[in-house]
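Novice: no sequence on hand, only this structure:
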């Protein structure tokens, strides 16, 4: 029912699961008799639930669900996207690691960017000292499946479009006005080499990333009379949980995709984001296309064969 990787790290429920699963665990662990039903029609026995075995504590779980539960959509996609960005690190662990390593303060605010009401409420809930956002990185994005366009899953397309386009638009609309008012800010959108040209089995994803390019270019034009900057980062092959989601949880297929080539990593993309954000104020890095050395386009790469 719950999945773990080869090292026993807890993996969040997949896209077909429901936010109510997590709520159910929390309610049951708190001994509530009116706990909501699981969305899959199966109620694990109390001995099946081991919070310690899942590497998650009740406080963390409460933090993830400390929002108006009625605002959550009926799936776990938002939590899944949040988890993808942090690998096997839960929010509290990541916060402690970043603060300890870099001497900075970190404020964790997980929410589903596809839900405009929830996004607005979450941003409004920020402490006053955190509300003046200087850099917005629109990083939430995903692709599910490698189906041909005439064979794809409409529900999966909705998740991709709502996350990759509508979520980006919502965050931009909610955050950028404050930047304009303060006269400073930087919007960094994570696009993709897929936005430059379509490839087999990825037409909808490619279309969403083409939209990210158009939205980045359009926003840059709209902000031309302000000191705000807009950057579109377009990665090629990057080895993250992104590809596992593409193959609907098939990690073996995801690993095989990278065999024979050294792909980029999440750290490589983060370094590029930092590079763009730390450029002098008079320099606007409009677009960065980066890919592994042995990749030439979205569809052409050289992979060494096993000896």
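Specialist: Looks like it came in fine. Bear in mind the structure is a predicted one, so any value in this text is a computation, not a measurement.
Novice: center of this protein, which residue is that?
Specialist: residue 140 (3.2 Å; Cα atoms, centre = their mean).
Novice: tell me if I am right that that one is in a strand.
Specialist: No: Residue 140 sits outside any strand when classified using DSSP: H, G, I helix; E, B strand; the rest coil, being coil.
Novice: can you count the residues close to residue 122?
Specialist: Residues lying near residue 122 (other Cβ atoms under 10 Å) number 18. C-beta: built from backbone N, CA, C; applies to glycine.
Novice: mind checking the SS state of it?
Specialist: Classified using three-state DSSP, residue 122 is helix.
Novice: quick check: it vs residue 102, distance?
Specialist: According to Cβ to Cβ, to the nearest Å, residue 122 stands 24 Å off from residue 102.
Novice: if you count neighbours, what's buried in the lengthiest helix in the chain?
Specialist: Longest helix in the chain by number of residues (criterion: DSSP state H): helix 203-222. Using 16 or more other Cβ atoms under 10 Å as the burial criterion, the residues of helix 203-222 that qualify are 203-213, 215-216, 219-220.
Novice: doesn't residue 165 make contact with the residue nearest to the centre of the chain?
Specialist: No: with contact defined as Cβ atoms under 8 Å, residue 140 does not reach residue 165; the gap is 10.7 Å.
Novice: where exactly do the strands run in the stretch 101-250 of the chain?
Specialist: Along the stretch 101-250 of the chain, the stretches classed as strands by DSSP state E, counting those that start in this stretch are 135-138, 186-190, 229-235.
Novice: that older thread, what lies in contact with the longest helix of the chain?
Specialist: Contact with helix 203-222 is made by 138, 141, 143, 149, 152, 157, 160-161, 164-165, 168-169, 172, 176, 187, 189-192, 194-199, 230-232, 234, 284, 286-287, 298, as judged by Cβ atoms under 8 Å, 6 or more residues apart in numbering.
Novice: in helices, which of these appear?
Specialist: Judged by DSSP H, those include 157, 160, 161, 168, 169, 172, 176 as members of helices.
Novice: what residues are up against the fourth one?
Specialist: For residue 168, the contacting residues are 113, 138, 140, 189, 212, 215, by Cβ under 8 Å, 6+ apart.
Novice: report how many residues lie close to the fourth one.
Specialist: Applying other Cβ under 10 Å, we find 24 residues neighbouring residue 189.
Novice: that one contacts residue 135, doesn't it?
Specialist: No: using Cβ under 8 Å, residue 189 makes no contact with residue 135, being 11.7 Å away.
Novice: okay, now the unreliable bits of this structure?
Specialist: Filtered on pLDDT under 70, the chain yields the residue ranges 1-90.
Novice: could you rerun that using 50?
Specialist: 1-21, 32-58, 60-62, 64-80, 82, 85-88 (pLDDT under 50).
Novice: distance between the longest helix of the chain and the chain's centre?
Specialist: 17 Å (Cα atoms, centre = their mean, to the nearest Å).
Novice: now that helix and strand 186-190, what's the angle there?
Specialist: Taking axes from the mean of the first three to the mean of the last three Cα atoms, to 10 degrees, helix 203-222 and strand 186-190 form an angle of 160 degrees between their directions.
Novice: out of the buried residues of helix 203-222, flag the one nearest to residue 239.
Specialist: Among the buried residues of helix 203-222, residue 205 lies closest to residue 239 (Cβ to Cβ), at 17.1 Å.
Novice: how much space between the closest one and residue 169?
Specialist: Residue 205 is 17 Å from residue 169, by Cβ to Cβ.
Novice: just the buried residues of stretch 238-254, please?
Specialist: Quick answer for stretch 238-254 (16+ other Cβ under 10 Å): 238-249, 254.
Novice: in helices, which of these fall?
Specialist: 241, 242, 243, 244, 245, 246, 254.
Novice: surely the second one meets residue 142?
Specialist: So that's residue 242. Yes: using Cβ under 8 Å, residue 242 is in contact with residue 142, at 6.7 Å.
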